[in-house]
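Asker: Any chance you could fold what I've pasted below:
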Amino acid sequence: MHVVILAGGKGVRLRPYTSALPKPLVPIGEEYAILDIIMQQLAGQGFTTATLAVGHLSPLIRAFVGDGSRWGMTVDYTEEVTPLSTIGPLFPIRDRLPEHFLVMNGDVLTTLNYAELLTSHMETGAPLTVATSPRVVKIDFGVLEAQGGRIVGFREKPLLSYLVSMGVYALSRETIAKYPEGMSFGFDELVLDLLAQDTPPGVYEFDGYWLDIGRPDDYDEANARFEEIRPLLLPSRDKVR
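Answerer: Residues are numbered from 1 along each chain as shown. Take a look at the predicted model:
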């Protein structure tokens, strides 16, 4: 089982933490980097190989991860000379990817079972399967529904529920076969392209712990709660201890 980890971004929203470190290497708790947790999880779920898409401060990531042997995995790299967004880094390495594989951001803390996501993707035959998490948004105003110049409905400060992408996807190599190498191409563009082709992506709904370390508030929350959530993130490590 193979995973491509996207670790090339500059982490602008997480500055000043990312001024000296790439976002996947910012520390969580007293002894972990985010990427260390991800690699431990992947190895524990049966992933044996990984490709890291690197760019910003890539020598630090290469020095930290090396060949992946510390996690019992085999790791190689693809380097972004210019930013290629979310899906673009996959195009130059298509020939060395398996038929089905995982793609994920290198700054995700979650209890999602990555192996089950990939298995589900292969079973459904979808071109792309997106791991999703429910998010509830509170509207602090009365919401009106209007038609023909008249109010036909009213909801006072409603709660709206959405499925949002977790930044973890299962993908088939055939899905990206037609796109040219060197093209900057995002996850959003791929989804819209698949919808336009009438080949809709699949959804893998997940309702467990998930935090995208994208902003200082999220990062601070992850550190504040880490001792509480560590047994969920790294159950095998804690059993050994």
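
Asker: Give me the helix or strand of the protein that scores worst on average pLDDT.
Answerer: One helix or strand of the chain scores below all others by mean pLDDT, DSSP states H and E: helix 235-240, with a mean of 53.

Asker: quick one: buried residues of the longest strand along the chain?
Answerer: The longest strand of the chain (DSSP state E) is strand 159-172. Within strand 159-172, the residues scored as buried using 16 or more other Cβ atoms under 10 Å are 165, 166, 167, 168, 169, 170, 171, 172. In this view, the C-beta of every residue, glycine as well, is placed from N, C-alpha and C.

Asker: That strand pairs with which strands, and in what direction?
Answerer: Strand 159-172 has the following strand partners under DSSP bridges: strand 100-105 (antiparallel), strand 128-138 (antiparallel).

Asker: now it: how far from the chain's centre is it?
Answerer: Here strand 159-172 shows a centroid-to-chain-centroid distance of 10 Å under the convention Cα atoms, centre = their mean, to the nearest Å.

Asker: I'd like to check what contacts it. Which residues are they?
Answerer: By Cβ atoms under 8 Å, 6 or more residues apart in numbering, the surrounding residues in contact with strand 159-172 are 90, 99-105, 107-108, 110, 112, 114, 117-118, 120-122, 127-139, 187, 203-206, 210, 212.

Asker: Which among the residues you listed count as buried?
Answerer: Buried residues within these, counting neighbours by 16+ other Cβ under 10 Å: 90, 100-105, 107-108, 110, 112, 114, 117-118, 120-121, 127-133, 187, 203-204, 206, 210, 212.

Asker: Next one: residue 120 relative to residue 146, how far apart?
Answerer: Relative to residue 146, residue 120 is positioned 41 Å away (Cβ to Cβ, to the nearest Å).

Asker: I meant residue 208, not that one.
Answerer: On the measure of Cβ to Cβ, residue 208 and residue 146 end up 39 Å apart.

Asker: Indicate which one of the strands paired with strand 159-172 is closest to residue 71.
Answerer: Nearest to residue 71, of all the strands paired with strand 159-172, is strand 100-105, at 15.1 Å by Cβ to Cβ.

Asker: Chain neighbours aside, what residue packs nearest to the residue nearest the centre of the chain?
Answerer: Nearest to the geometric centre of the chain sits residue 167, at 2.8 Å (Cα atoms, centre = their mean). Nearest in space to residue 167, with sequence neighbours left out and distances taken as Cβ to Cβ, 6 or more residues apart in numbering, is residue 105 at 3.8 Å.

Asker: is that neighbour in a bridge, and if so with what?
Answerer: residue 6.

Asker: Can you classify the closest residue to residue 67 other than its chain neighbours by secondary structure?
Answerer: Distances taken as Cβ to Cβ, 6+ apart place residue 75 nearest to residue 67, at 5.7 Å, with adjacent residues excluded. The three-state assignment at residue 75 reads strand, by DSSP: H, G, I helix; E, B strand; the rest coil.

Asker: who's residue 75 bridged to?
Answerer: Counting by DSSP bridges, the residues bridging with residue 75 are residue 50.

Asker: tell me the contacts of it?
Answerer: Counting by Cβ under 8 Å, 6+ apart, residue 75 has contacts 49, 50, 51, 52, 65, 66, 67, 68.

Asker: Let's see the pLDDT reported for the residue nearest to residue 167.
Answerer: For residue 105, the model assigns a pLDDT of 93.

Asker: I'd like to know which elements the lengthiest helix in the chain is packed against.
Answerer: Identified as the longest helix of the chain according to DSSP state H is helix 216-233. Where contact means 3 or more Cβ pairs under 8 Å, 6 or more residues apart in numbering; DSSP states H and E, helix 216-233 is packed against strand 27-28, strand 108-110, strand 210-212.
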